[in-house]
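[1] Here is the input, now give the coordinates:
(one chain, ligands or ions: 1)
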Amino acid sequence: MAKRTFNIPKNFKIGTSASAWQTEGWKGKLENQISWADAFYKAVPERWYEGYGTAVATDFYSRYKEDIAIMKELGLQSYRTSIDWSRFITNYETAEVSEDALRFYNDVINELIDKGIQPIICLEHWELPDYLIKNYGGWGSKKVIEFYLKYVEKVFEAFSDRVKIWYTFNEPIVVPMLGISEAMWYPFKSDYKEFMQWNYNKVLATAKAVKLFREKGYHNDGGKIGIIINASPTYPRSDNEADKAAAEMAELLTDRIYMDPCILGTFPGKLIETLKKHNCLFDYTADELALIKNNTIDILGINYYAPRRVKARTSKWNEEIPFSAEYYFENWSMPGAKMNVSRGWEIYARGLYDLAMTIKYRYNNIEWMVMENGMGVMGEEAHKDANGVIQDDYRIDYVADHLRWLFKAVEEGANCVAYHMWNFTDNVSPMNAFRNRYGFVEIDLKDNRNRRIKKSGHWIKEVIKNGKFEY
Ligand code: BG6
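    The predicted model follows:
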């Protein structure tokens with residue numbers, strides 16, 4: 001097929017995303033400064049791919065200048081990372097700030113700005129201090145919301161003169177889902193009601209952080225605050241009512257539990273009824289619901305990798321198994337779908353367009369950014385050319401295809417203002433560690449974690465420079 005040219009929309013930014021714990025390593029941390037991710041790695045290092053974990057990660061703590069220089073070389077316009085709560089604070093109850101962490105994050109932010117790259121900060125990308133899990137039960141406790149707000153206030157005070165875009169959480173449902181409901185991740189629990197409490201408390205924490213942000217006047221010079229959701233466009237297997245109802249329930253119990261209250265100010269009635277029916281409704285008060293209603297976000301972040309395809313349950317739910325969302329649906333794979341085989345995820349770029357339309361029509365066309373989208377691939381070393389450069393044409397294809405669908409949505413009025421590829425460099429993630437390589441830049445684990453720009457990195461440089469690409 002003949003190639004077409006796609007222009008980057010006016011004022012649209014292209015950057016990359018990462019998080020603190022997936023890049024920094026433990027250097028500079030005190031012994032008691034342990035995050036959820038660190039605790040997970042310490043609990044079961046053998047389950048992490050080839051033993052790689054959070055201890056060194058990409059060594060961004062020592063090598064941030066080198067990384068930011070490469071970002072500049074590629075022309076990247078923004079960089080989303082997080083502040084590691086467990087590093088930034090030394091006493092999680094009183095929110096005493098670590099001098100070393102303050103210096104480190106100031107240096108990183110200043111270096112980014114100096115190189116013309118906009119820093120965007122997420123306040124919790126799975127870096128909940130383990131102390132708050134061990135002593136308070138983590139996000140299941142409303143006390144933790146108060147500790148979070150004390151920490152957030154300190155972060156705003158330190159950096160809001162230079163950082164204008166903030167996010168309260170990254171993919172807030174993922175750790176509770178895998179760690180509190182499905183017992184696959186630390187702290188290995190299986191309790192759906194508690195899982196729902198974690199979700200509710202994160203919604204409430206978001207509203208309280210928004211309120212704090214407003215009260216302190218951080219909006220005044222262009223500051224914005226939001227949340228990053230891993231929303232999956234959800235497709236029923238067929239048009240029959242049972243399949244459509246299954247898709248509706250899947251969306252309600254995973255995406256809309258965050259998106260509706262954080263953007264529209266209320267939880268969907270059907271979600272509340274369902275949770276009540278299964279004795280899993282979270283504890284809330286009328287005052288809290290009013291606070292949520294009055295403190296909705298300014299900007300949304302979306303992480304999109306793959307669509308969700310579901311069908312109505314065909315086998316009867318075993319009543320002995322505790323309730324979970326899958327009571328209402330079964331996952332379904334579309335025969336012949338294009339797959340990222342390494343990750344086992346479908347590649348469906350049009351899903352990003354569909355999401356954009358959902359945001360436009362259901363969520364009042366709120367301003368938003370793609371905060372993660374990318375392709376994790378195993379064994380990329382095998383794709384090196386004679387000069388050692390990874391020829392990741394599949395990643396170029398993936399990003400280009402998603403960008404063209406996103407640009408089509410923008411043309412049709414979607415209020416998306418930026419695209420961030422996950423990730424700038426390869427990095428660790430829970431258990432998969434360096435298994436799935438995501439970066440525009442390779443981290444060579446056999447050679448002192450040296451950085452080498454992949455073919456896709458050279459490609460994105462040209463795209464940004466020329467303001468367009470062909471596909
Ligand atoms: C996203 C997370 O869902 O998936 C990232 O926000 C994570 O933190 C990414 O690294 C990729 O995960 P994985 O398991 O494919 O390495």
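[2] Give me the distance between the two termini of stretch 160-170.
    End-to-end distance of stretch 160-170 (C-alpha to C-alpha, to the nearest Å): 19 Å.
[3] Relative to the whole chain's centre, how far out is that stretch?
    On the basis of C-alpha atoms, centre = their mean, to the nearest Å, stretch 160-170 sits 14 Å off its chain's mean C-alpha point.
[4] ok, residues contacting that stretch?
    With C-beta atoms under 8 Å, 6 or more residues apart in numbering as the test, stretch 160-170 has contacts from 19, 80, 82, 109-110, 113, 118-126, 152, 156, 202, 205-206, 209-210, 213, 218, 221-228, 299, 301, 303, 369, 371. No exception for glycine: its C-beta is placed from N, CA and C like everyone else's.
[5] Among those, name the buried ones.
    Among the contacts of stretch 160-170, the ones that count as buried by 16 or more other C-beta atoms under 10 Å are 19, 80, 82, 109, 118-126, 152, 156, 202, 205-206, 209-210, 213, 218, 223-228, 299, 301, 303, 369, 371.
[6] Among the residues you listed, which are located in strands?
    Taking DSSP state E as the definition of strands, the buried ones among the contacts of stretch 160-170 contribute 80, 82, 118-122, 224-228, 299, 301, 303, 369, 371.
[7] Quick check: pLDDT value at residue 187.
    With respect to pLDDT, residue 187 scores 98.
[8] Surely it touches residue 138?
    Yes - look at residue 187 against residue 138 with C-beta atoms under 8 Å: they come within range, at 7.3 Å.
[9] any common contacting residues for these two?
    residue 180.
[10] Neighbour count: those two, which is higher?
    More crowded of residue 187 and residue 138, by other C-beta atoms under 10 Å: residue 138, with 25 against 17.
[11] tell me the pLDDT at that one?
    Value listed for residue 138 in the pLDDT field: 98.
[12] Same check on residue 122?
    Residue 122 carries a pLDDT value of 98.
[13] near the ligand, anything from the strand or helix carrying residue 16?
    Assigned by DSSP states H and E, residue 16 belongs to strand 13-17. No - applying C-beta under 6 Å from any ligand atom, one finds strand 13-17 separated from the ligand by no less than 8.1 Å.
[14] Which elements pack onto that strand?
    Contacts defined by 3 or more C-beta pairs under 8 Å, 6 or more residues apart in numbering; DSSP states H and E place strand 13-17 against strand 78-82, strand 118-122, strand 416-422, helix 455-466.
[15] So which residues make contact with the second one?
    When contacts are defined by C-beta under 8 Å, 6+ apart, strand 118-122 is touched by residues 13, 15, 19, 77-83, 108-109, 112-113, 155, 159, 162-170, 228, 301, 369, 420.
[16] is any part of that strand close to the ligand?
    No - for strand 118-122, no contact with the ligand is found by C-beta under 6 Å from any ligand atom; the gap never falls below 9.6 Å.
[17] Check what contacts the following helix or strand past that strand and list those residues.
    Using DSSP H and E, the helix or strand that follows strand 118-122 towards the C-terminus is helix 130-136. For helix 130-136, the surrounding residues in contact (C-beta under 8 Å, 6+ apart) are 32, 34-36, 38-39, 86, 92, 138, 141, 143-144, 147, 187.
[18] Selecting buried members of the residues you listed in PyMOL, what would you type?
    Filtering these down to the buried ones (16+ other C-beta under 10 Å) takes a single PyMOL command:
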select buried, resi 34+35+36+38+39+86+92+138+141+144+147+187
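[19] a markdown table please, covering the contacts of helix 130-136 and showing secondary structure.
    Shown next, in a markdown table, are those (DSSP: H, G, I helix; E, B strand; the rest coil):
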| residue | secondary structure |
| --- | --- |
| 32 | coil |
| 34 | coil |
| 35 | strand |
| 36 | helix |
| 38 | helix |
| 39 | helix |
| 86 | helix |
| 92 | coil |
| 138 | helix |
| 141 | coil |
| 143 | helix |
| 144 | helix |
| 147 | helix |
| 187 | coil |
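[20] Which of the contacts of helix 130-136 sits closest to residue 433?
    Taking C-beta to C-beta as the measure, residue 433 lies nearest residue 38 of those, at 13.3 Å.
[21] wait, what's in contact with that closest one?
    The contact partners of residue 38, by C-beta under 8 Å, 6+ apart, come to 21, 26, 54, 86, 130.
[22] Local confidence estimate at the residue lying closest to the fourth one once chain neighbours are set aside?
    It stands for residue 86. Leaving aside its chain neighbours, residue 86 sits nearest to residue 35 (3.8 Å; criterion: C-beta to C-beta, 6 or more residues apart in numbering). Note for residue 35: predicted pLDDT of 98.
[23] Touching, residue 35 and residue 126? I think so.
    Yes - under the criterion of C-beta under 8 Å, residue 35 makes contact with residue 126 at 7.3 Å.
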